[in-house]
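Colleague: make a model of this:
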Amino acid sequence: MTATDFIVARDDFETCKTITTELPATDTLPQDALLVQVDRFAFSANNITYAVLGGEMKYWQLFPAPHGFGNIPVWGFGEVIASKHPNVPVGERLFGYFPMATHLVIEATDVSKRTLRDGAMHRQRVAPVYNAYGRVSGDPAYTGRQGDYQALLRPLFMLSFLVDDFLAENDDFGARRVLLSSASSKTAFGLAHLLHARGRKVIGLTSSGNTGFVGSLGCYNEVVTYDRVTSLPSDAPVAFVDMAGNSALRAALHRHFGDQMKCSVRVGLTHRATEPEEGELPGARPRWFFAPDQIRKRANEWGPGGIEQRFGSAWSGFAPLLERCLSVVESRGPEAVRQVYLDTLKGRIPPEQGHMLSLLG
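Modeller: Numbering: from 1, shown residues only. Model (predicted):
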């Protein structure tokens, strides 16, 4: 048996290919190891961000690839097809972080009724959240279309939830208007939903081609195209959450709002081709938001299960909106995966689409 991996050149993301490797025989697996067949996984612009930050955030270390290449992490589902762990049976279904591949060997540790963790040494230098797997066999929330929503949006909505929590605990830095770039992105949509529920005025910044979709979501008070951002009133405090990573846009907003820019948080990199930074900017200093830091902080403050309980409540309010605004597109096979990857890389995926992929034929 062989495994198929989809890999990309770290210095040129448009260079991509599939490779095949021999799968280990069951009797050669390490003690407590699992051989998992990756059934399907979600792919979006967020995964491109993982690639852009692959070296800096150590994402490339999760799933080793040949020299000069990387395997982009994805959220999805897998089935245990061979097990050396006494408490994890063959047929167990897992939800978590997988490679773009047909198979993964997991060195199972910290196995509980609902979760397990990959204890492989090369995975231990990343945030623990990326090594955890949910045991979701028989859970209706992780089957069928609901399962697709979990893979496509639950990890992104967790980021939305954490950014909203960060802003809320700081009283939005005195701002009552929050600007979101790349407003059509799934993380921005989730954050807009949470901000809107808290009574904040949410202004979505987007391209002209996406204004209709962004306006239809119902969680933006105002939708403004990128070429009109300087038309926004600049006489009251604002916070800016940057999903796009476009330095020219960020500079224009800081210069327009000046000292009224009370918070500037960088979250995503949906616009990869940006200009170099232009020195110091007026207003709050732009900062990167790193979700694992907020998770660690709240885990200490809220105690066991605190994050899960609060996030579960937020997700239950968000999930019903998905059928109305998200169309799930399923594609299988290496060539289909390659096409969706390149279309996502080049910004050709309509914002209302969510793609579930599989390298299995």
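Colleague: hey, let's count contacts and neighbours off CA atoms from now on
Modeller: Fine.
Colleague: run the chain-centre distance for stretch 153-160.
Modeller: Stretch 153-160 sits 6 Å away from the centroid of its parent chain (Cα atoms, centre = their mean, to the nearest Å).
Colleague: CA atoms only: put that stretch into CSV for me.
Modeller: What follows is stretch 153-160, C-alpha atoms only, in CSV (Å, rounded to 0.1, in the frame of the first residue of the first chain):
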residue,chain,number,x,y,z
LEU,A,153,-15.5,26.8,9.8
ARG,A,154,-15.1,25.5,13.4
PRO,A,155,-11.3,26.1,13.5
LEU,A,156,-11.7,29.5,11.8
PHE,A,157,-14.6,30.4,14.1
MET,A,158,-12.4,29.5,17.1
LEU,A,159,-10.0,32.2,15.8
SER,A,160,-12.9,34.6,15.4
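Colleague: what average pLDDT does that stretch get?
Modeller: Averaged across stretch 153-160, the pLDDT comes to 93.
Colleague: also stretch 346-360?
Modeller: 94.
Colleague: continuing past the longest helix seen in the chain, what's the next helix or strand?
Modeller: Looking across the chain with DSSP state H, the single longest helix is helix 144-169. Downstream of helix 144-169, the first helix or strand assigned by DSSP states H and E is strand 177-180.
Colleague: and the next helix or strand past that following strand?
Modeller: Moving toward the C-terminus from strand 177-180, the next element (DSSP H and E) is helix 186-197.
Colleague: hmm, who's touching the helix or strand following that following helix?
Modeller: Moving toward the C-terminus from helix 186-197, the next helix or strand (DSSP H and E) is strand 201-206. Identification of contacts with strand 201-206 by Cα atoms under 8 Å, 6 or more residues apart in numbering yields 176-184, 192, 195-196, 214, 219-226, 229.
Colleague: switch to 7 Å and redo it
Modeller: Identification of contacts with strand 201-206 by Cα atoms under 7 Å, 6 or more residues apart in numbering yields 176-184, 192, 195-196, 220-226.
Colleague: could you do stretch 301-318 as well?
Modeller: Defining contact as Cα under 7 Å, 6+ apart, one finds that stretch 301-318 is touched by Arg298, Ala299.
Colleague: and what of stretch 151-163?
Modeller: For stretch 151-163, the surrounding residues in contact (Cα under 7 Å, 6+ apart) are Phe41, Ala42, Trp75, Gly76, Lys186, Thr187, Ala188, Gly190, Leu191, Ala291, Gln294, Gly354.
Colleague: where does pLDDT dip in the stretch 101-250 of the chain?
Modeller: Applying pLDDT under 70 to the stretch 101-250 of the chain flags no residue at all.
Colleague: sorry, back to before: of all the contacts of stretch 151-163, which two lie farthest apart?
Modeller: Taking Cα to Cα, the two most distant members of the contacts of stretch 151-163 are Gln294 and Gly354; they sit 26.8 Å apart.
Colleague: between those two, which is the more surrounded one?
Modeller: Gly354 (22 against 16; other Cα atoms under 10 Å).
Colleague: now the closest residue to Ala9 other than its chain neighbours: phi and psi?
Modeller: Nearest residue to Ala9 in three dimensions, chain neighbours excluded: Phe69, at 4.3 Å (Cα to Cα, 6 or more residues apart in numbering). With angles defined as degrees, to the nearest 10, Phe69 sits at phi -120, psi 160.
Colleague: alright, that wraps it up for me.
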